[in-house]
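Student: Okay, predicted coordinates and the sequence, questions at the end:
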Amino acid sequence: MMINIVLYQPEIPPNTGNIARSCAITGTKLHLIKPLGFSLDDKHLKRAGLDYWEYLDLEIHEDEHAFFSKYGDEKLYFATTKATKYYDETHFDENAFIIFGRETSGLPAYIHENYKESRFKIPMRKNEHLRSLNLSNSVAIILYEALRQNDFFDLK
């Protein structure tokens, strides 16, 4: 039993570093789908994750086709501002794959079309100048909700 966090082509190293730290501390597997907007040796990435990298369960996928061919039959959930359902209306299975899009452009249109029923969003006030939460904050909110729904596994 394990929650999986999937970052689709992440672009900002400190976001990924913060997410890696959250994943390591909760026993959550982190998947990164290339291309990445940085090197995994990036000092900002490493600094954000501090000394948690050796405890991280990390899997890197060459592209989205490699990810979907390996995990496409699993229970997939997609975080997006384009969803109509909120995260608190979503039941996250114990082996959920929770997928987050790029910081600047989100998920590709074909994913929105193919997985309409598996999308959810985080409530945010509507304002043309405020697009969305920071990626690492969004992951933390959803990760802890998925863990809560599954009795936090063995974290407590």
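Tutor: Perfect, thanks for sending it.

Student: Every contact and neighbour count from this point should use C-alpha atoms.
Tutor: OK.

Student: So which residues make contact with stretch 96-115?
Tutor: Contacts to stretch 96-115, defined as C-alpha atoms under 8 Å, 6 or more residues apart in numbering, come from residues 2-12, 74-80, 119, 134-135, 139.

Student: average pLDDT for stretch 125-141?
Tutor: For stretch 125-141, mean pLDDT is 90.

Student: contacting residues around it?
Tutor: Contacts for stretch 125-141 (C-alpha under 8 Å, 6+ apart): Ile5, Asn15, Thr16, Asn18, Ile19, Ser22, Thr81, Phe100, Glu103, Ile122, Met124.

Student: from the residues you listed, which would you call buried?
Tutor: Neighbour counting with 16 or more other C-alpha atoms under 10 Å marks Ile5, Asn15, Thr16, Asn18, Ile19, Ser22, Thr81, Phe100, Glu103, Ile122 as buried within the contacts of stretch 125-141.

Student: and the fifth one, what element?
Tutor: Per DSSP states H and E: Ile19 is located in helix 13-26.

Student: elements contacting the helix-or-strand element of the chain with minimal mean pLDDT?
Tutor: Between all helices and strands in the chain, the lowest mean by mean pLDDT, DSSP states H and E belongs to helix 43-49, at a mean of 76. Packed against helix 43-49 by the contact rule (3 or more C-alpha pairs under 8 Å, 6 or more residues apart in numbering; DSSP states H and E) you find helix 13-26.

Student: Convert the helix or strand following the helix it packs on to PDB, retaining C-alpha atoms only.
Tutor: For helix 13-26, the succeeding helix or strand toward the C-terminus, using DSSP H and E, is strand 29-33. Taking C-alpha atoms only, strand 29-33 is exported to PDB below (Å, rounded to 0.1, in the frame of the first residue of the first chain):
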ATOM      1  CA  LYS A  29       6.700   7.200  -4.000                       C
ATOM      2  CA  LEU A  30       7.600  10.100  -6.300                       C
ATOM      3  CA  HIS A  31       7.400   9.700 -10.100                       C
ATOM      4  CA  LEU A  32       9.000  12.300 -12.400                       C
ATOM      5  CA  ILE A  33       8.000  12.300 -16.100                       C
END
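
Student: Using JSON lines, lay out the contacts of stretch 125-141 together with distance to Ile60.
Tutor: Below are these laid out as JSON lines (distance: C-alpha to C-alpha, whole Å):
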{"residue": "Ile5", "distance to Ile60": "12"}
{"residue": "Asn15", "distance to Ile60": "16"}
{"residue": "Thr16", "distance to Ile60": "13"}
{"residue": "Asn18", "distance to Ile60": "17"}
{"residue": "Ile19", "distance to Ile60": "14"}
{"residue": "Ser22", "distance to Ile60": "17"}
{"residue": "Thr81", "distance to Ile60": "25"}
{"residue": "Phe100", "distance to Ile60": "15"}
{"residue": "Glu103", "distance to Ile60": "18"}
{"residue": "Ile122", "distance to Ile60": "26"}
{"residue": "Met124", "distance to Ile60": "31"}
